[in-house]
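Colleague: I'll drop the sequence and a predicted model, then ask my questions.
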Amino acid sequence: MDEEAQQPGPNGEPRRFSQRVAATRLPLLVLGLAALAGWSLMLVSVLGGGGDGDTPGDAGPVYGGEAEGLHAHTVSYQHTHSHTHADGTTHTDAHTHQHHYEHSHPVDGSDAGVHSHAVDAPDAGGHGHAVDESDAAGRGHAADESDVAAAGQQAPSPEAAAAAPSLEDRTGEVHVHSDGLVHTHGAGAPETWTVTYTSEGLFVPERIDVPTGDTVTFVNASDDPVWPASNIHPTHEILPDFDPLGVIWPGESWSHTFDKNGYWRYHNHIEANQTGLVVSTGGPDEALEPLLADMQEPVFLPVPAGAGGAALFDDAEQLREFVELYGPAAAVVALKAVELDTGRYCHDAAHEAGRLAYEIFGPVSFAISGHECQAGALHGSTEAMFAARGTSRLAEDVAALCSRADNRFVRHQCYHGVGHGLMAWTTYEIHEALEQCDVIERAYDASSCYSGVFMENVVGGLSGVMGHETEYLRADDPHFPCDVIESKYRADCYYYQTSHMWRVFDGDMSQIAGVCAALEGRARDLCFSSYGRDVGNQTRGDPAGAIELCGHAPAGEDRVECISGSAQDRFWETTGADEAISLCSMLTDPAETESCWWTIIDRAGDVFVDEAGRRGFCDRIPDDRRPTCLSEIVA
C-alpha cells in the first residue's frame with residue numbers, strides 16, 4: 001500500500017467515501033472528513049469583517065504587512081546625564097532629541113510587507129533563517145546582498161548581513177524545513193545572549209532560542225532610540241515584565257531574564273512593525289503535577305430571563321461575570337442565541353469564554369463547556385491551558401483532557417482544539433506547532449490536531465488578537481504554506497486552505513475549485529471538502545445555492561466531497577438539522593444523494609445526545625431513509 005493510501009481521514013477512517021457508498025451500504029464512519037467539517041468556518045470573520053489596525057477588513061488583506069501608504073510621526077525624548085568630576089563637583093546635562101519617522105508599506109508582490117531577517121552568528125546557538133533566493137523573495141529572509149536584492153529590499157547593515165553558518169559548521173541539532181527555514185538547537189549555550197538592533201530597524205537575530213532562566217541583552221547599535229517590549233502593542237500584556245519602560249538610547253543596552261517557558265514575540269514600541277522572537281524552553285514546568293481529568297464540577301446558578309445578549313460580545317467584564325455565575329456552557333448557549341438573532345459570529349467570543357473558564361475553574365472547564373459556536377469555548381480553554389502549563393507534559397495533558405470525549409465528533413473537537421492551542425502557544429510558528437502535534441499517539445487524533453493548527457493559521461493568524469499574526473499566508477498564493485510544509489501534513493493543510501483562497505481569488509469559487517482540481521489524492525479530497533464547507537457558509541438558508549456552487553467542482557467524487565462538506569457545515573448543531581435535510585432532499589445525482597444522507601444521519605448521531613432527539617431526527621427524513629437512520633443511530 002502506498003503512503004497516500006495509508007493516510008487516515010481527518011477522523012482516522014479510510015478516505016474515498018463515495019467509493020465505499022457505491023460499493024456497499026456500510027454504516028457511515030463519516031466521509032473521511034466528517035468530524036473535521038464539524039467546524040463551520042465563518043467567512044464573515046476570515047474574509048471580510050471590519051478591520052482597523054492589524055485586523056484585515058475593508059482596506060484589503062493584511063498578510064504580515066500593512067495597507068499601502070506613507071506613515072509619519074515625530075517622537076521627542078529628553079534624558080539627562082550626571083557627571084562627577086575629580087574635584088567632587090557634579091553637574092547634570094539635559095538633552096532633548098526629536099526624531100521624525102517616515103515609512104511606507106507595499107501591499108502586494110513578492111516584497112509585500114516583508115523585511116530583511118538577518119541570521120544569528122554560528123556560536124549563538126539560536127535560530128537562523130536559511131537564505132535561498134525563493135525564500136528571500138517570498139518571506140524576506142536575507143543574509144547577504146544577493147538575497148536582499150531578490151527580496152526587493154535595502155541591504156542590511158554589516159552586522160545584519162553576516163552570512164548564515166553552513167549546515168556543516170553548525171553545532172547541535174539542526175532542523176531544515178521545506179520553505180528554507182533552518183534553526184539550530186546548540187549545545188553549551190551561554191547564560192547571556194545578545195540581540196542587536198541595527199540601523200535598518202532589524203533585531204538580529206530575529207529569533208533566538210535560549211534555555212529558560214538565561215538572560216538576553218538587547219543592544220542598540222543604531223542611531224535611533226529603540227524600545228523592545230512584549231506583544232501586544234501597545235499594552236505589552238502577554239509578558240508584562242519584558243519591557244524596559246522606556247527607550248534604549250544608541251550605544252546603550254537593556255537585559256531581561258526569561259524565567260518562564262514560552263514563545264515570546266516582541267516589537268519596537270516606537271515602530272511596532274519591527275519585531276523579534278525569543279523562545280525559552282527547558283524550564284521548571286517539567287515538574288508540573290499531572291493534569292487531572294476527573295474533578296468535581298462546580299454548580300452554577302440558573303440563567304435569569306434577559307441575561308446575556310449582545311453585551312457578552314462587547315463587554316469583557318460582563319462575559320467574565322456570566323461565565324463565573326452561570327458557567328461556560330450557558331455562556332456559549334447565550335452567545336449562539338445572539339448569532340442566530342443578529343448574525344454576529346459567535347466562535348471568537350466563545351474562544352474568550354473558554355479562556356476565562358480555564359482561568360476561573362482550571363482543567364474542569366473542559367468538562368463544563370458546551371459545543372455551541374463551533375466548539376469555540378473548548379478551543380479557548382485549550383489555548384489557556386498551554387499558556388498556563390506549557391508543553392513539557394503535552395502528551396499526558398492532552399490524553400487527560402480528551403479522555404472524557406464520549407464520541408468521535410467530540411474527540412475530534414478536543415484534539416482540534418489542541419491544535420489551536422499549540423499554534424497560539426508557539427505564536428504561529430507553524431512548523432513547530434505541527435511537530436508538537438506529533439507527540440499524540442493515534443494517527444487520526446494527530447490529524448485532528450493538525451487541522452486545528454491550520455485553521456488557527458487561516459483564522460486566528462489574521463486577526464491580530466493577543467498579538468497573534470501569521471507569516472504563513474501570502475496574499476497572492478493559494479497554496480502557501482501547504483506547499484512548503486512536510487509532506488505528511490500537506491493534505492490536512494488543504495482542509496482549511498480554501499478559506500484563504502477566497503481572499504486570493506476575491507471570492508471567485510470557480511478559481512478555487514480549479515486549484516483543488518489540480519491536486520491529487522487525499523489533498524484533493526480535503527480541498528473539495530474545505531470548498532464545500534465554505535460553500536455551506538456562503539449559502540446559509542439557501543441549500544439550492546450550495547448545489548449550484550458545488551457545480552464548479554468536477555462531477556463525480558469531487559462534487560460529492562463538496563456536497564457532503566456543505567451538508568456538514570449546515571449541521572454543526574441540532575438547529576441545523578432541517579436545512580441539512582432540505583439540502584439532501586434537493587439532490588438528483590445518485591452518488592451525491594447517497595453521500596449526503598449518510599453524512600447527515602451520521603452527524604445526527606453525534607449532535608443529538610439522547611435517543612429522543614435522534615428518533616425525532618429520523619422521523620423527519622424521507623420514508624425510504626428512515627429505517628437506516630433508526631438502525632444506525634437509535635437502535
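Modeller: It's in.
Colleague: Can you list the residue ranges for helices in the stretch 401-550 of the chain?
Modeller: Ranges of helices in the stretch 401-550 of the chain, per DSSP state H, counting those that start in this stretch, are 408-425, 430-437, 443-458, 487-504, 509-517, 521-538, 543-550.
Colleague: now for the first one, which elements pack on it?
Modeller: Translated: helix 408-425. Judged by 3 or more C-beta pairs under 8 Å, 6 or more residues apart in numbering; DSSP states H and E, the packing partners of helix 408-425 are helix 372-389, helix 394-402, helix 430-437, helix 443-458, helix 590-607. The C-beta positions use only the backbone N, C-alpha and C, and glycine is treated the same way.
Colleague: mind listing what's buried in the last one?
Modeller: What it means is helix 590-607. For helix 590-607, a neighbour-count test (16 or more other C-beta atoms under 10 Å) marks 591-607 as buried.
Colleague: rewinding a little: and the helices and strands packed on helix 408-425: which comes nearest residue 487?
Modeller: helix 430-437 (11.8 Å; C-beta to C-beta).
Colleague: between that closest one and helix 372-389, how big is the angle?
Modeller: Per axes from the mean of the first three to the mean of the last three C-alpha atoms, to 10 degrees, the angle that helix 430-437 makes with helix 372-389 is 90 degrees.
Colleague: got a list of contacts for helix 430-437?
Modeller: 175, 177, 181, 391, 394, 418-419, 422-423, 425-426, 446, 449-450, 453, 457, 470, 472, 481, 485-486, 489 (C-beta atoms under 8 Å, 6 or more residues apart in numbering).
Colleague: Could you list the buried residues of it?
Modeller: Under 16+ other C-beta under 10 Å, the buried positions of helix 430-437 are 430-434, 436-437.
Colleague: Which secondary structure state is assigned to residue 210?
Modeller: strand (DSSP: H, G, I helix; E, B strand; the rest coil).
Colleague: no no, residue 277
Modeller: strand.
Colleague: tally of neighbours for it?
Modeller: Neighbourhood size, residue 277 [other C-beta atoms under 10 Å]: 22.
Colleague: right, and it touches residue 258 too?
Modeller: No - Residue 277 is beyond contact range of residue 258, at 11.5 Å (criterion: C-beta atoms under 8 Å).
Colleague: So for those two, which residues contact both of them?
Modeller: residue 264.
Colleague: Take the buried residues of helix 430-437 and write them to a markdown table, including pLDDT.
Modeller: Output for the buried residues of helix 430-437, formatted as a markdown table (pLDDT from 0 to 100):
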| residue | pLDDT |
| --- | --- |
| 430 | 94 |
| 431 | 93 |
| 432 | 88 |
| 433 | 91 |
| 434 | 96 |
| 436 | 89 |
| 437 | 94 |
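Colleague: Read off the pLDDT value for residue 37.
Modeller: Residue 37 carries a pLDDT score of 33 in this model.
Colleague: Look up which helix or strand residue 266 falls in, please.
Modeller: strand 262-268 (DSSP states H and E).
Colleague: partners of that strand in the sheet?
Modeller: Strand 262-268 has the following sheet partners, assigned by DSSP bridges: strand 228-230 (antiparallel), strand 275-281 (antiparallel).
Colleague: Distance to residue 315 and mean pLDDT for these - can I get that in JSON lines?
Modeller: Shown next, in JSON lines, are these (distance: least, C-beta to C-beta, whole Å; pLDDT from 0 to 100):
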{"stretch": "strand 228-230", "distance to residue 315": "26", "mean pLDDT": "94"}
{"stretch": "strand 275-281", "distance to residue 315": "31", "mean pLDDT": "90"}
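Colleague: Pick the most deeply packed of the ones you listed.
Modeller: strand 228-230 (a mean of 24; mean count of other C-beta atoms under 10 Å).
Colleague: Run through who's touching that strand.
Modeller: 195, 197, 203, 218, 236-240, 242-244, 248, 254, 264-269, 276.
Colleague: ok, then the element right after it?
Modeller: strand 253-257.
Colleague: which helices and strands sit right next to that following strand?
Modeller: strand 215-220.
Colleague: Mean confidence (pLDDT) on the strand it packs on, please.
Modeller: pLDDT averaged over strand 215-220 gives 96.
Colleague: how much space between the residue lying closest to residue 253 once chain neighbours are set aside and residue 233?
Modeller: Using C-beta to C-beta, 6 or more residues apart in numbering and skipping residues adjacent in sequence, the residue nearest residue 253 is residue 219, 4.5 Å away. Going from residue 219 to residue 233 by C-beta to C-beta, to the nearest Å gives 21 Å.
Colleague: ditto for residue 338
Modeller: 30 Å.
Colleague: before we move on, the earlier item: format the helices and strands packed on helix 408-425 as CSV; extra columns: distance to residue 512.
Modeller: CSV is the format used below for these (distance: least, C-beta to C-beta, whole Å):
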stretch, distance to residue 512
helix 372-389, 21
helix 394-402, 33
helix 430-437, 22
helix 443-458, 13
helix 590-607, 19
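Colleague: how about those helices, which one is nearest residue 623?
Modeller: Using C-beta to C-beta and comparing the helices and strands packed on helix 408-425, the one that lies nearest residue 623 is helix 590-607, at 12.5 Å.
Colleague: so what does that closest one touch, helix or strand wise?
Modeller: helix 17-23, helix 408-425, helix 557-570, helix 577-586, helix 611-620, helix 626-633.
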